[in-house]
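In: take a look and give me a structure for this.
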Amino acid sequence: MNGYTILIRYCDIDNIYVAKVPDLEGCQAHGDTPEEAAKEIQTAIKLWLQVAQDVGKEIPKPMVYAI
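Out: Residues are numbered from 1 along each chain as shown. Here you go, the predicted structure:
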């Protein structure tokens, strides 16, 4: 687990579940089920972090959110 918060919501327009990582700008993925979206966002996080590292972008630490 990487510690980043993942938000998953259903999109009525596209009939898919969209997963987003608020701490990583633009890091999103989708799937037909919440489980598929959760799996896909793990790949997106890994790729986001790799690209950020490759281009020398500062990688934000995971934030702690209280609900």
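In: K46 in helix, strand or coil?
Out: Using DSSP: H, G, I helix; E, B strand; the rest coil as the criterion, the local structure at K46 reads helix.
In: identify the residues contacting the nearest residue to G3 once chain neighbours are set aside.
Out: Spatial nearest neighbour of G3, chain neighbours left out: P62 (3.9 Å); criterion: CB to CB, 6 or more residues apart in numbering. Where you see a C-beta, it was placed from the backbone N, CA and C, and this is true even at glycine. Neighbour list for P62: N2, G3, Y4, T5, D23 [criterion: CB atoms under 8 Å, 6 or more residues apart in numbering].
In: helix or strand for the second one, which one?
Out: Using DSSP states H and E, G3 maps to neither a helix nor a strand.
In: burial count for it?
Out: 9 (other CB atoms under 10 Å).
In: that older thread, how close does the residue nearest to G3 sit to K46?
Out: The span separating P62 from K46 equals 14 Å under the rule CB to CB, to the nearest Å.
In: so A19 sits right up against E40, yeah?
Out: Yes: at 6.6 Å, A19 counts as touching E40 under the criterion of CB atoms under 8 Å.
In: intersection of neighbour lists for the two?
Out: Common contact partners of A19 and E40 (CB under 8 Å, 6+ apart): A29, H30, G31.
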